[in-house]
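> I need the structure of the sequence given here:
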Amino acid sequence: MQPEELARSIGTLESTAAEGALLADDVARDRTKATFARVHARELGETVDHEAEKLNDAEAEPKGGVAPAKVRAIELADRISAELGRIQIAPDSETEGRAAEESLNRLSERAGQLAEGL
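Modelled structure (predicted):
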């Protein structure tokens, strides 16, 4: 795996987390239908899970390469997926929406920082 490939995958994680944060904000402010929030959170989660699978399957040089960043990206994907799951499970909970929004915003920022470091 080359740094550019990893950066693209991390960019997908970053943008998906940001989109999830927007969805969570709508849930927190009771501005979306529960059915839409649940379905959209599921779709976003599937995108993140697919990226995590691709990252896991990619081979990276263990020494001096992108392997440490790849591991951190997989961990970020797992956390993003979990936060999207909060929305999927409780799409009508303003409290859960607010918590997921804050967490997804932080995770999106971390992904951006990780990509910049490559």
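> count the residues that sit near residue 99.
17 (other C-beta atoms under 10 Å). In this view, the C-beta of every residue, glycine as well, is placed from N, C-alpha and C.
> mind showing which ranges of the protein have poor pLDDT?
Along the chain, segments meeting pLDDT under 70 span 63-64.
> mind listing the helices in it by residue range?
Using DSSP state H, the helices assigned to the chain run over residues 3-28, 34-57, 67-89, 94-116.
> quick check: buried residues in the second one?
Of the residues in helix 34-57, those scored as buried under the neighbour-count criterion (16 or more other C-beta atoms under 10 Å) are 37-38, 40-41, 44-45, 47-48, 51-52, 55.
> so can I have TSV of these showing distance to residue 25?
As requested, the buried residues of helix 34-57 are exported to TSV (distance: C-beta to C-beta, whole Å):
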residue	distance to residue 25
37	11
38	16
40	13
41	13
44	14
45	17
47	19
48	18
51	22
52	24
55	27
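> of those residues, which is the nearest to residue 29?
Of all those, residue 29 sits closest to residue 37, with 11.6 Å by C-beta to C-beta.
> would you agree the closest one is in contact with residue 29?
No. Between residue 37 and residue 29 there is no contact, the gap being 11.6 Å when judged by C-beta atoms under 8 Å.
> give me the common contacts of the two.
Listed contacts common to residue 37 and residue 29 are residue 97; contacts here mean C-beta atoms under 8 Å, 6 or more residues apart in numbering.
> tell me the one of the buried residues of helix 34-57 nearest residue 5?
Compare each of these with residue 5 using C-beta to C-beta and the shortest gap goes to residue 55, at 9.4 Å.
> pretty sure that closest one sits against residue 73.
Yes. Because the distance of 5.5 Å satisfies C-beta under 8 Å, residue 55 is recorded as touching residue 73.
> which residues are common contacts for the two?
With C-beta under 8 Å, 6+ apart, residue 55 and residue 73 have common neighbours 6, 9.
> still on that earlier bit, out of the buried residues of helix 34-57, which comes closest to residue 94?
Checking the buried residues of helix 34-57 against residue 94 with C-beta to C-beta, the nearest one is residue 37 at 11.3 Å.
> contact partners for that closest one?
Applying C-beta under 8 Å, 6+ apart to residue 37 gives the contacts 23, 26-27, 87-88, 91-92, 97.
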